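Colleague: Show me the folded form of this:
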Amino acid sequence: MQNALHIRTQVLPGRKVEVTAAELQEGETVEVFVIRPTSVHASRPSALQLIESLNGHRHFPNAADVDRHLRQERDSWDH
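Modeller: As a prediction, this is how the structure comes out:
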């Protein structure tokens with residue numbers, strides 16, 4: 001016998017939820033979890049916004065500085 005069922009339903013008038021499943025027996029005791037899906041339209045911060053919100057600072061302010069640092073680092077390997 002399957003221990004868990006995943007059933008999607010709608011809230012009925014009077015804020016009621018009805019579950020119908022052939023696997024359930026009349027009079028059987030069951031536990032019901034109600035999970036409300038997150039809104040698809042909820043705004044989420046972009047990755048850049050998330051990074052910028054972190055405490056601290058960036059070591060390099062732009063890509064050109066990163067390239068310059070990497071070039072200097074690679075050049076030091078040859079010496």
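Colleague: so how far is the helix or strand of the chain with the lowest mean pLDDT off the chain centroid?
Modeller: The helix or strand of the chain with the poorest confidence is helix 47-53; it has a mean of 82 (mean pLDDT, DSSP states H and E). Relative to the mean C-alpha coordinate of its chain, helix 47-53 is positioned 16 Å out (CA atoms, centre = their mean, to the nearest Å).
Colleague: is it fair to say Val66 lies in a strand?
Modeller: No - looking at Val66 with DSSP: H, G, I helix; E, B strand; the rest coil, it is helix, so not inside a strand.
Colleague: so what's it up against?
Modeller: Residues near Val66 by CB atoms under 8 Å, 6 or more residues apart in numbering: Phe60. C-beta: built from backbone N, CA, C; applies to glycine.
Colleague: Which pLDDT value goes with it?
Modeller: The model reports Val66 with a pLDDT of 89.
Colleague: Ok, Gln72 next?
Modeller: Listed pLDDT for Gln72 reads 92.
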